[in-house]
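Asks: The following block contains a protein sequence and its predicted model.
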Amino acid sequence: MKANAIIKNLSTDEIITSLDLWTNIREVEDLGYTVIPPSKVADQTTKSKILVKILELAQSKTGNNFDLSLNASSGHYKALPQTESQFVLYSLLFADNIFEKWLQNPVIVALSSYLLNNQAQLSSMSSFIKWKGRNYKDLMGLHADTQPSANGLLPSQWVDACNSVYCLTDYTKDDGALAVVPESHKIARQPKHDDFNYQDIIPVEAEAGSLIFWHGNLWHGAYPKKTDGLRVNLTTFMTHRRIKTQENIKDRISADMLKRNPSKQFARLVGLNDSNGFDENGPNMNGIINYGTKDQMQRFTFNIKDL
């Protein structure tokens, strides 16, 4: 089955089977991460379109031209955090229609739905653009994506978050690849300086077009880029619907976005099946999506039980 196919009326387990992802599920459970090859993720045209759009957005934000073979700078772009050799583009879901389609990529939906018990919602969609230089201190920015408790502990009996990187350029250690501590997701807390030796940290290397997917508790960071040129990715961070999203997504969904993406799956992924955040009129327990004309509202009305 093609990765960009629209899958309807199948359970999460059936979708995982149809996409041949059970080995990847086991790797996430055992190691905390997995790499899905390009042939299972998306076609070359999709990758190229996403890369072109991200570089266009980078140019508009920074005022600089971008060439994959050359180093770069952040120009007048000031969004945080950024370093001398990296910046981040945020809120990509709202930047172009292609990112709306990417959110519904069957591989991402299947893996995140499995880990988050069919309660996955988008927390943020961003792009890390990186070039030659030193980005982090000695610990390579090691952290876990799951929001910890006040004492730094992470949930061990359930999963609150998962993350993925769509590699738009090759990921090698010298090119600034993802750095991980395998099986660290089982420790269920944020890392400390004396938790590990440097030999515990390994690069996750992958060819352009691959998807790197990991458990929200996994300790990870990134290696400095030692080669000339850009390392570009598309990062899709998913959380359980009970967790507050990083970006304000739900309130920014427009009628036009819903018209382009009329599926209940899209509504779930952007949090429109969540009745919280209500006003003096109380919660909408019918799951009505309150956007657009009366006709559009009627079109996107469904029961919570259907979600």
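Replies: Sure thing, it's come through. Numbering: from 1, shown residues only.

Asks: Tally up the residues packed near the closest residue to residue 66 other than its chain neighbours, please.
Replies: Spatially, and ignoring its direct neighbours in sequence, residue 66 is nearest to residue 55 (4.7 Å; CB to CB, 6 or more residues apart in numbering). C-betas here are computed from N, CA, C, even on glycine. For residue 55, the tally of surrounding residues (other CB atoms under 10 Å) stands at 20.

Asks: Which parts of the stretch 51-200 of the chain are helices?
Replies: Secondary structure of the stretch 51-200 of the chain (DSSP state H, counting those that start in this stretch): helices at 97-103, 106-115.

Asks: Let me have the ones you listed in TSV, extended by mean pLDDT.
Replies: TSV is the format used below for the helices of the stretch 51-200 of the chain (pLDDT from 0 to 100):
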stretch	mean pLDDT
helix 97-103	98
helix 106-115	97
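
Asks: Reformat these as a markdown table; add mean neighbour count and distance to residue 167.
Replies: Shown next, in a markdown table, are the helices of the stretch 51-200 of the chain (neighbours: other CB atoms under 10 Å; distance: least, CB to CB, whole Å):
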| stretch | mean neighbour count | distance to residue 167 |
| --- | --- | --- |
| helix 97-103 | 18 | 13 |
| helix 106-115 | 24 | 13 |
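
Asks: Include distance to residue 253 when you put the ones you listed into CSV, please.
Replies: Below are the helices of the stretch 51-200 of the chain laid out as CSV (distance: least, CB to CB, whole Å):
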stretch, distance to residue 253
helix 97-103, 10
helix 106-115, 17
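
Asks: nearest to residue 272, of these?
Replies: Residue 272 lies closest, by CB to CB, to one member of the helices of the stretch 51-200 of the chain: helix 97-103, at 12.7 Å.

Asks: Pull the residues that contact the closest one.
Replies: Counting contacts by CB atoms under 8 Å, 6 or more residues apart in numbering, the residues outside helix 97-103 that touch it are 46, 49-50, 53, 92-93, 108, 122, 125, 166, 234, 236, 257, 260-261, 266, 269-270.

Asks: With stretch 23-31 instead?
Replies: Here stretch 23-31 makes contact (CB under 8 Å, 6+ apart) with 16, 33-34, 36, 111, 114-115, 162, 182-183, 213-215.
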